[in-house]
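# Got a predicted model here, sequence first, then my questions.
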Amino acid sequence: MIKKPFLLLLPVIVLSLLFVIGILNGLIQSFGIMPSLGLTVPTLKYYSEIFSRPDLLSAIGMSLYITLLSSIGAVVLGVFICALLVMSGKAKGRTLQLIKIPIAIPHTVVALFVILIFAQSGLLARVFYHLDIIASQDAFPALLYARNGLGIILAYIWKEVPFVVFFVVSIMANINTSLGEAAQNLGASRWRTFIDITLPLCMPSIKNAFLIIFAFSLGAYELPFLLGSTVPRALPVQAYIEYTHPDLLHRPYAMALNGILFIISFIIAFLYYRLLQHNVVKVNKS
Amino acid sequence: MKRRLSILLVLMLSLTLVLTGCSSSKKFDENASFDTLVSQAKGSTVTFYGWGGDDLRNNWLDNVVAPALKEKYNITLNRVPMDIDQILSKLSGEKQAGTTDGTIDLIWINGENFYSAKDKGYLYGPFTQKLPNYAKYIDQTAAENLRDFGYTIDGYEAPYGKAQMVMINDSAATPETPKNTAELLAYCKANKGKVTYPALPDFTGSAFVRSIICDIVGYEQFADMPADKATVKNAIQPAIDYLTELNPYLWREGKTFPATIAQVDNMFADNELVMTMSYEPYSAATKIANGTYKATATSFLFDKGMVGNTNYIAIAQNSPNKAGALVVVNEMISAEIQASQFSKLRSLPVVDYNKLSDDEKKLFDSVDLGQGSIPQDILLSKRVPEMPAKLIPIIEEIWLEEVVGK
């Protein structure tokens, strides 16, 4: 008889097996093994071609650029909002619920918002035009579909700031009430307390939040596809386009691009794990 | 309670494994008469995989075609909306696993994907000569029923509907409609920043670029051109030069292009653009009817014509219900279904008008095309055949390298 905990875990095990098999299958295909297409010899050709094709290389660069900028932006803004919430004593209750709303909104809908608001035919452009701030709607700065990826970055920041807040605020509130009040009793100002006591102690969870949103936006496809420029494309968009290439022999390129995404995500997961370990050690020591 | 729940979970899991592991297989005789196939297909289910992004078509399949099949043959039509690349993946996966009784019976397919699927042995055939309606209604000598995007059909797919590239403008905003690429350039200059097309490999964007190429260098030379980048580039160079010349007058000066035709349509409806395009020749009429476009939207063509294609239905090599699949395909190319498709979806019929009886002709003649659209005979007279499928990815690659932002 199988032990009960294992029995109960069975669905999870089966599901994660499917997941792992999916990833392995993709990786195997990225090395050019797809027997149904007559590809049986393992090769690194697809990876080496990616690294020699300028459009694919620039896709990797574009993805890292968008992800890095949006994640940093989201973390800075998110922590700032946390600080305001904590210091004004609103870290619990209705304000926080309000901030959570963007988490529930799907990325495609966010893309739509961004288009409606920031496009040259969008809300802002129209308002500015009617207020005579700009001469024509076209004079509104090109935020969307541009090489600078600003539209995508804005959309990611909007979507991810609440996540950072959600992730960090309760820890920050606790630290602020326990150690922070102690510091203030000893004469430190609120901002001084925040920067010297609260923020450093929150750092692990802030870093965690950063890594999670970084990994997520690196792999996400909708926003760069809907708001991005034709060239350079983001990595997941490029992978999707290679995947939908009618010639099935292009599949290994898509899988190799996914492989690169996988490797970057794996590194992030590793960093995340190390960070957690580090925290455990710290907690144990203290 | 907990124990019961866990037992239930295990049961459900094993049940799904058993259910997916086996499926019913019927004996299928290649040489049986059509009547035998019909009686064999009785009471069976036919799965129809195809793009599900068009609500109008989905409704039509579910509420017109499926009930007709049920009533006439007692066949249940199970429509599975799936993108063609995923259908091909599924077929490739099933083939890799050696599944002889697959999950897919019919596939809505054409062009490059047909080439891929037939080339890789995913399709069943030849089957069209088994269908009574094929002989009765289809012009078997027409180029479009012999080749699909330049690739010989050999009876591996039956025509389903016809599409053709048209351009659409708002006649209230810009009454003039360019009749060729030279006039289009002047039009773009006059409406600087208000014309664009979807970035390739968007299906419509790609067809637009091919229409431009055909207007500038013709289409004849492409029929048997080898799929070699240097050859293709050499042949389309004048068109590439033209597209680059167009860039400065396009939306965002051609530095970037909208990713999808849906976005171009939105921008047109928003007055951000003065022109859009469609591979559905009657899209202006349907979009005026549903309020997306203004009533002043009109379709227009180049004088030399624009690319058109036929889309088809194929049968999977490992289809578990080939008899049912054949009966359904036969019904799809009947005069009634084709006329209903023409009237409900404005999809150009594939049946040969001259082969129809007088009563059947009336079914087609009575269709009101709606506003802003071009009559069928003019469309068909200005129809340029699609290029061989294998050239298209090469053109898309060249466009990306030579045109965007240049």
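Ah, there it is. Numbering: from 1, shown residues only, chains lettered A, B, ... in the order given.

# can you tell me the distance between the two ends of stretch B:350-369?
Using Cα to Cα, to the nearest Å, the end-to-end distance of stretch B:350-369 comes to 17 Å.

# quick one: buried residues of it?
Applying a neighbour-count criterion of 16 or more other Cβ atoms under 10 Å in any protein chain shown, one finds B:350-351, B:356, B:360, B:363-364, B:367, B:369 buried in stretch B:350-369. Using the backbone N, CA and C atoms, a C-beta is placed for each residue, glycine as well.

# ok, those residues vs chain A, which is closest?
Distance to chain A across the buried residues of stretch B:350-369 (Cβ to the nearest Cβ) is lowest for B:Val350, with 22.1 Å.

# contacts with chain A among the buried residues of stretch B:350-369, please.
Among the buried residues of stretch B:350-369, no residue lies close to chain A (Cβ under 8 Å from any Cβ of the partner chain).

# Which of those fall within helices?
Of the buried residues of stretch B:350-369, the ones assigned to helices by DSSP state H are B:360, B:363-364.

# In JSON lines: the residues you listed, plus pLDDT.
As requested, those are exported to JSON lines (pLDDT from 0 to 100):
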{"residue": "B:Glu360", "pLDDT": "92"}
{"residue": "B:Leu363", "pLDDT": "90"}
{"residue": "B:Phe364", "pLDDT": "89"}
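
# Please identify the residue of the stretch 151-286 of chain A positioned nearest to chain B.
Nearest residue of the stretch 151-286 of chain A to chain B (Cβ to the nearest Cβ) works out as A:Pro246 at 3.3 Å.

# what do you get for the stretch 51-200 of chain A?
A:Ser121 (4.1 Å).

# A:Lys207: which of the ones in helices among the buried residues of stretch B:350-369 is nearest?
Closest approach between those and A:Lys207, by Cβ to Cβ: B:Phe364, at 67.6 Å.

# mind listing what the closest one touches?
With contact taken as Cβ atoms under 8 Å, 6 or more residues apart in numbering or on different chains, B:Phe364 is in contact with B:339, B:342, B:349, B:353, B:356.

# ok so the second one is a strand residue?
Looking back up the chat, that one is B:Phe342. No: assessed with DSSP: H, G, I helix; E, B strand; the rest coil, B:Phe342 is helix; it does not lie in a strand.

# Tell me how many other residues crowd it.
Per other Cβ atoms under 10 Å in any protein chain shown, the neighbour tally for B:Phe342 reads 22.

# Could you do the third one as well?
In terms of burial, B:Pro349 registers 24 neighbours under the definition other Cβ under 10 Å.

# Quick check: B:Pro226 vs B:Leu391, distance?
Taking Cβ to Cβ, to the nearest Å as the criterion, B:Pro226 is separated from B:Leu391 by 9 Å.

# Ignoring the adjacent residues along the chain, who's closest to B:Lys294?
Among residues not flanking B:Lys294 along the chain, B:Asp170 sits closest, at 5.9 Å (Cβ to Cβ, 6 or more residues apart in numbering or on different chains).

# So which of the contacts of B:Phe364 is the closest to A:Arg251?
B:Pro349 (35.7 Å).

# What residues does that closest one make contact with?
Taking Cβ under 8 Å, 6+ apart, we find B:Pro349 in contact with B:161-162, B:338-339, B:341-342, B:364.

# would you say A:Ile133 is within a helix?
No: under three-state DSSP, A:Ile133 sits outside any helix and is assigned coil.

# Let me know the distance separating it from A:Val127.
A:Ile133 sits 8 Å away from A:Val127, going by Cβ to Cβ.

# Point out where the stretch 151-286 of chain A drops to low pLDDT.
The stretch 151-286 of chain A contains residues with pLDDT under 70 at A:280-286.

# Could you tell me which residues of it lie near chain B?
Within the stretch 151-286 of chain A, the positions near chain B by Cβ under 8 Å from any Cβ are A:225-226, A:228-231, A:241, A:243-248.
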